[in-house]
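Novice: Predicted structure and sequence below. I'll ask about it afterward.
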Amino acid sequence: MIMTTSDPDPLSMSSSPAIIPASDQPRAGVQETSGNGHLLQQRLALVEDLWQTVLRSECPAEQAERLLRMKQLSDPALPEPSAVSSDSVVSLIRDMDLSEAIAAARAFSLYFQLVNILEQRIEEDSYLESIVRSQELAEQVDPFTPPLATQTEPATFSELFERLRRLNVPPAQLETLLQELDIRLVFTAHPTEIVRHTVRHKQRRVASLLQQLETAFETSPREADGIRLQLEEEIRLWWRTDELHQFKPSVLDEVDYALHYFQQVLFDAMPQLRRRLTTALACSYPDVQLPPSSFCTFGSWVGSDRDGNPSVTTDITWRTACYQRELMLDRYISAVQSLRDQLSISMQWSQVSASLLESLEMDRFRFPEVYEERATRYRLEPYRLKMSFMLERLRLTKLRNDQLANAGWRAPAESPQPFAPESQPSEALHYGSVAEFRSDLELIRTSLVSTDLTCEPLDTLLTQVHIYGFSLAGLDIRQESTRHSDALDELSRYLNPEQAYGDLNEQERVSWLLQELQTRRPLIPPAVDWSATTAETVDVFRMLHRLQDEFGSRICRTYVISMSHSVSDLLEVLLLAKEAGLVDPSSGHADLLVVPLFETVEDLQRAPEVMEELFQTSLYRNLLPRVGSQGLPLQELMLGYSDSNKDSGFLSSNWEIHKAQIALQDLAARHGVALRLFHGRGGSVGRGGGPAYQAILAQPSGTLQGRIKITEQGEVLASKYSLPELALYNLETVTTAVVQNSLVTNQLDATPSWNDLMARLAKCSRRHYRALVHDNPDLVAFFEQVTPIEEISKLQISSRPARRKSGARDLSGLRAIPWVFGWTQSRFLLPSWFGVGTALSEELLSDPEQMTLLRTLHQRWPFFRMLISKVEMTLSKVDLDLARHYVSSLGSADHRDAFERIYNTIADEYTLTRRLVLDITRQERLLDADPALQLSVNLRNRTIVPLGFLQVALLKRLRDQNRQPPMSEFPSDGDGRTYSRSELLRGALLTINGIAAGMRNTG
């Protein structure tokens, strides 16, 4: 795939090459394999046939054949890539004009998204088969099953509980864990979701039709022909839909995007998850009490994460909360209406509890109009009458919610109640809390149970109410630490200019903060015009107080402090919260949980020291909420993967996070504090991504204790939650991994020699990574020129800017997501592996016998196995030949020598890392141990090559035009062709879309 810089511009016009008919193309798929890989081989032919049919119907004949020829030349069924096949691809691209290049980018993007849908369907099918298989084999013992402590394959509830039973795990121990199980999945708005939701709708429609087609093949060939035509029509509609976002999304647009997964999948998936857990537990541990319905809940940063996003205002957060409640009320209204239709029980034929009848009398008095309207119809049907009153209360609750959304958070809390009858002007007829709604539902359920009746839809609704309440997902506020210190500095300068907070050292700050926290007088004087940032910072806490008054503390009880460095960072937030009435140190009451986010390596190393001082401070400790049967104070801590990786590289980042978890858990245990670790994982390996099951099992033994919180970001949301069974698979395996890690302990993390080895590897890896990324003066120019980072920033995919602050264009200001995104597009994927090879090599040079130890670690230590597995997967996606083409074509002439040295450093490290990973895993090729993943990666690696060449060609032309004076909007080249900058940018952005789909990853 190597090209030279002497190649002419691939977008210039010349004669057309010979065209080989697409019918002669071999089907993609290289080697025979088993499991998911075999299914992929079987079903890929259908997807490729659909793709070819659509291209032939939607593109001019010669253009379609050229596109199909490009696909053929990059087919993984061909032998290893050669210069000949690469030259042929380049030749085809050279003969394209801009419109055809755009068509090619769209065609390959469509292909990869169809393959993604296919693989998601296969994952769904495999999950359903695993459930059936686990039930069938529940009574059979497999002597070759690995010990739970070293298992890496995801387990279903049935498999896990049966294995725990055979290990003689006491029912009481399992029950204790299940009662305190606390799994929280937090959706974020980080800008990695590149696919429009309009296109997501079409993808779901295609997925549904593919499922119908698979069924029809077996039952009705004639019906299959009709579904096949529908598929072609749907994909053609998709082809004619613009893949790019038409405008920069607002924060509320992002809220709508995130809540879409709840509406389409998760609202109905959670009761199914509980039913599966109930069934599995009954088989292996029939006497164990079920966990609470809300053992797995959801959070969201969308609309509340204000770190670096000026668009997230207090009004936006308020409207987000109202929007979430509106969504839940709509779902509950629909559910209660369905229940009213179903529960047609007559008092002539069934008893009804006295408490239900009493409630009907109260409702008759409060809602005389509803009674007049419904009493005759439902005179002998008390359940229907009760639910008519409930529907009226839900309607009034929704009306009030609409009024609050329009009025804003600054409106007086004591708004009049226009819904109350004149005789009771003070009584609110809407549901003031979800507890009131839940009480009505439980009243109905109790009455049914007392007459030996059950109602599954009612039980389902009660489960949903326990999980989602009226708020749906808890909003986490996040803000950068200096915003609080800056606000307090301004306040202190107003109160006492001679003792400004900003002039104090850390010890003096802590002393001042503790003193202010204990005084009863207000700190913030009214009617002072503060700076805009200080006013906004103070208003956030006031809005939070108003939010909790209206919605309850469940809507927002977590405040995350990014870039936490010290004790004062947490006390500052507590002081501002006290001023807003959220915290009362004198009574030891707090409605806000302050969560430090330790992001850099230095902060991770300092985290135990910071928390030790806080745990020793009685004022702070008394403000922590109490949890569990023992009533321990709970401290939530967030660990940042992205910035620590960007700062120190993959291996060093992961080791520092691993060490920090152990140290923090030991510290919490010594102080009698319950710890909930919040993992800020991204989608890519370079930002903590990877299979969640293995990642949870790789957590240090004893650090979870049934509690974990994880961010779900960007394209991860679509890959996990776009289809019902996929969502259930993710939720079930995350839960089983938490249970397994919490119960099956080991002492491997405490092995001194292993820890010493990892410390040496991390130190060496960090040194090598920083020498290239932070110490090389040409690296920033290299990254900006040979990756599409600037074009990525023009994608309309996020309300948040790509850089933290305007000003110097350096790595410190660049966010971790575009940092990873750029390296992924150019096929370097550097953040996910660079430095690992050098670290391993230096260790082996000092002692070649260490290879035996490294292999042992890979077999026995989940943490080390996870590290090597992630590096191996990432290396399998690297394409250095294509990456060299980016360097040679896009790098400026005055940087040629420097860029060549950087490329050679990266290439040498890749070769070294790949060789040593294969030595450790004892494989001939990367991913040999996972043939299905290997097949998928090989398919994408080869097929994505034309998009890389297209991207380079479009970027080169676009950047050449950008160097022209502004009036040269339509410059002309030698052959008379003219290109609009906007069209060239559009073409480049479409290739970014396509490569992101092909890599199944952005940032």
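Specialist: The structure has been received and is ready for your questions. Numbering: from 1, shown residues only.

Novice: mind listing what's buried in the host helix or strand of Ala907?
Specialist: According to DSSP states H and E, Ala907 maps onto helix 896-921. Using 16 or more other C-beta atoms under 10 Å as the test for burial, helix 896-921 gives 898-899, 902-903, 906-907, 909-910, 913-914, 916-918, 920-921. For every residue, glycine as well, the C-beta is placed using N, CA and C.

Novice: For Asp775, state which of those is nearest.
Specialist: Ranked by distance to Asp775 (C-beta to C-beta), the buried residues of helix 896-921 are led by Ile902 at 12.0 Å.

Novice: Which element is encountered next along the chain beyond the helix holding Ala907?
Specialist: Downstream of helix 896-921 (by DSSP H and E), the next one is helix 931-943.

Novice: pLDDT below threshold where in the stretch 201-350 of the chain?
Specialist: 245-246 (pLDDT under 70).

Novice: Try it again at 50.
Specialist: Of all residues in the stretch 201-350 of the chain, none has pLDDT under 50.

Novice: so where do the helices sit in it?
Specialist: Remark: helices assigned in the stretch 201-350 of the chain by DSSP state H, counting those that start in this stretch are 221-239, 251-261, 267-284, 314-342.

Novice: To what extent is Ala413 buried, counted in neighbours?
Specialist: 10 (other C-beta atoms under 10 Å).

Novice: helix/strand/coil for it?
Specialist: Secondary structure, DSSP: H, G, I helix; E, B strand; the rest coil: Ala413 is coil.

Novice: what's the closest of the helices of the stretch 201-350 of the chain to Ile708?
Specialist: Per C-beta to C-beta, nearest to Ile708 of the helices of the stretch 201-350 of the chain: helix 267-284, 16.0 Å.

Novice: any idea of the angle that closest one forms with helix 314-342?
Specialist: Angle between the axes of helix 267-284 and helix 314-342 is 60 degrees (criterion: axes from the mean of the first three to the mean of the last three C-alpha atoms, to 10 degrees).

Novice: counting contacts, what elements does helix 267-284 pack onto?
Specialist: For helix 267-284, the elements it packs on are helix 157-166, helix 456-468, helix 724-743, judged by 3 or more C-beta pairs under 8 Å, 6 or more residues apart in numbering; DSSP states H and E.

Novice: Now render those helices as JSON lines, adding mean neighbour count, distance to Asn654 and mean pLDDT.
Specialist: JSON lines is the format used below for the helices and strands packed on helix 267-284 (neighbours: other C-beta atoms under 10 Å; distance: least, C-beta to C-beta, whole Å; pLDDT from 0 to 100):
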{"stretch": "helix 157-166", "mean neighbour count": "21", "distance to Asn654": "26", "mean pLDDT": "92"}
{"stretch": "helix 456-468", "mean neighbour count": "19", "distance to Asn654": "32", "mean pLDDT": "96"}
{"stretch": "helix 724-743", "mean neighbour count": "22", "distance to Asn654": "17", "mean pLDDT": "92"}
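
Novice: Make TSV from the ones you listed and add distance to Ala207 to it.
Specialist: Shown next, in TSV, are these (distance: least, C-beta to C-beta, whole Å):
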stretch	distance to Ala207
helix 157-166	25
helix 456-468	24
helix 724-743	10
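
Novice: nearest to Leu840, of these?
Specialist: Proximity to Leu840 (C-beta to C-beta) singles out helix 724-743 among the helices and strands packed on helix 267-284, at 26.7 Å.

Novice: ok now the closest one, how far from the chain's centre?
Specialist: Going by C-alpha atoms, centre = their mean, to the nearest Å, the spacing between the C-alpha centre of helix 724-743 and its chain's C-alpha centre is 15 Å.

Novice: What ranges does the stretch 351-500 of the chain have for its strands?
Specialist: 474-480 (DSSP state E, counting those that start in this stretch).

Novice: Do you have the helices of it handy? List them.
Specialist: Under DSSP H, counting those that start in this stretch, the stretch 351-500 of the chain gives helices at 354-366, 368-374, 382-407, 434-450, 456-468, 481-495.

Novice: Output the contacting helices and strands for the helix holding Ala907.
Specialist: In terms of contacts (3+ C-beta pairs under 8 Å, 6+ apart), helix 896-921 is packed against helix 752-773, helix 779-786, helix 836-846, helix 850-860, helix 862-877, helix 880-890.

Novice: Out of those, flag the one nearest Cys296.
Specialist: Here helix 862-877 is closest among the helices and strands packed on helix 896-921 (C-beta to C-beta), at 22.3 Å.

Novice: Report the inter-axis angle for the longest strand along the chain versus strand 474-480.
Specialist: If you go by DSSP state E, the chain has its longest strand at strand 632-640. Strand 632-640 runs at 60 degrees relative to strand 474-480, counting by the same axes, to 10 degrees.

Novice: Show the low-confidence segments of the stretch 401-550 of the chain, by residue range.
Specialist: For the stretch 401-550 of the chain, the stretches with pLDDT under 50 are 416, 418-426.

Novice: SS state for the spatially closest residue to Thr733 that is not a sequence neighbour?
Specialist: In this structure, Thr733 finds its nearest non-sequential neighbour in Pro154, 4.0 Å apart by C-beta to C-beta, 6 or more residues apart in numbering. Assigned state for Pro154: coil (three-state reduction, three-state DSSP).

Novice: what is the mean pLDDT for stretch 559-572?
Specialist: The pLDDT scores in stretch 559-572 average 97.

Novice: which residues sit against it?
Specialist: Applying C-beta atoms under 8 Å, 6 or more residues apart in numbering, the contact partners of stretch 559-572 are 307, 476-482, 484-485, 488, 506, 509-510, 513-514, 517, 544, 573, 577, 592-600, 603, 606, 610, 613-614, 617, 620, 638, 640, 678.

Novice: try 6 Å
Specialist: For stretch 559-572, the external contacting residues (C-beta atoms under 6 Å, 6 or more residues apart in numbering) are 307, 476-478, 480-481, 484-485, 488, 506, 509-510, 513, 573, 592, 594-598, 603, 610, 613-614, 638.

Novice: Pull out the buried members of those.
Specialist: Counted by 16+ other C-beta under 10 Å, those give 307, 476-478, 480-481, 484-485, 488, 509-510, 513, 573, 592, 594-598, 603, 610, 614, 638 as buried.
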